[in-house]
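In: All I have is the shape, not the residue letters:
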């Protein structure tokens, strides 16, 4: 019989890299793009996965993984069903947070800001680039709604496959969001739990960079 696992005893020493003010750019987006590129180059699983945190009208937080699909000076973009739980929560409270955790690189990036829908043109362009079955899936799934069993979405997929056998258009309830960063935090694991944490806060004319205690 296997012994009882004690999660309190799980420990790791972080010793792969460091994060200094001297080597970090004044623009946090540049540092984020560098770290994202390094995560992709390292071929770690799902380097584009991030956790999205939203808050409901009654102040109950919820999180879920989503995939980053774009980033530039305007912010971070992802796509989803506007009528899902996250979509409904964002319509009531547009403030949200994102987190990337690249375990193999011992790095975390946290981003906070306000969220807005991207343009229909951008959503149409991205939707048209998706694999055919993914586009059918967007039509078939009433995301976050209760269904009796899996056959509900399987039958819906067959229905929309017959309706759109070649080029499914984008559903009006599906599209992109952009988080416009107001705060960034970059965390690099270090030995003895003395981790590096740099925070960037938006201010007039640029960003204020500060070091936080681990």
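Out: Thanks, I have it. From a predicted model like this one, the values you see are computed outputs, not experimental measurements. Numbering: from 1, shown residues only.

In: any idea how far residue 49 lies from residue 65?
Out: Per CB to CB, to the nearest Å, residue 49 is found 5 Å from residue 65. All C-beta atoms are positioned from the backbone trio N, CA, C, and that covers glycine.

In: higher neighbour count, the two?
Out: Neighbours per residue (other CB atoms under 10 Å) separate residue 49 from residue 65, with residue 49 holding more: 15 against 10.

In: which residues in the chain form helices?
Out: 28-41, 85-92, 120-129, 132-140, 151-163 (DSSP state H).

In: List the contacts of the residue most central in space within the chain.
Out: Closest to where the C-alpha atoms of the chain average out (CA atoms, centre = their mean) is residue 50, at 3.3 Å. Residues near residue 50 by CB atoms under 8 Å, 6 or more residues apart in numbering: 65, 66, 67, 68, 76, 78, 98, 99, 100.

In: Output those residues as a markdown table; include the columns distance to residue 208 and pLDDT.
Out: As requested, the contacts of residue 50 are arranged in a markdown table below (distance: CB to CB, whole Å; pLDDT from 0 to 100):
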| residue | distance to residue 208 | pLDDT |
| --- | --- | --- |
| 65 | 30 | 98 |
| 66 | 28 | 98 |
| 67 | 30 | 98 |
| 68 | 25 | 98 |
| 76 | 20 | 98 |
| 78 | 27 | 98 |
| 98 | 20 | 98 |
| 99 | 21 | 98 |
| 100 | 22 | 98 |
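
In: Filter those down to the ones in strands?
Out: Among the contacts of residue 50, the ones falling in strands (DSSP state E) are 65, 66, 67, 76, 78, 98, 99, 100.

In: Could you give the number of residues near the spatially closest residue to residue 108 that is not a sequence neighbour?
Out: Closest residue to residue 108 apart from its sequence neighbours, by CB to CB, 6 or more residues apart in numbering: residue 187 at 4.0 Å. Residue 187 has 22 neighbours, counted by other CB under 10 Å.

In: wait, doesn't residue 187 sit right on residue 197?
Out: Yes. Using CB atoms under 8 Å, residue 187 is in contact with residue 197, at 5.2 Å.

In: Need the overlap of contacts for those two.
Out: Taking CB under 8 Å, 6+ apart as the contact rule, residue 187 and residue 197 both touch residue 19.

In: okay, and for this protein, where does confidence drop off?
Out: Applying pLDDT under 70 to the chain flags the ranges 1-3.

In: what sits up against stretch 194-210?
Out: By CB under 8 Å, 6+ apart, the residues outside stretch 194-210 that reach it are 14, 18-21, 24, 26-28, 181-190, 211-214.
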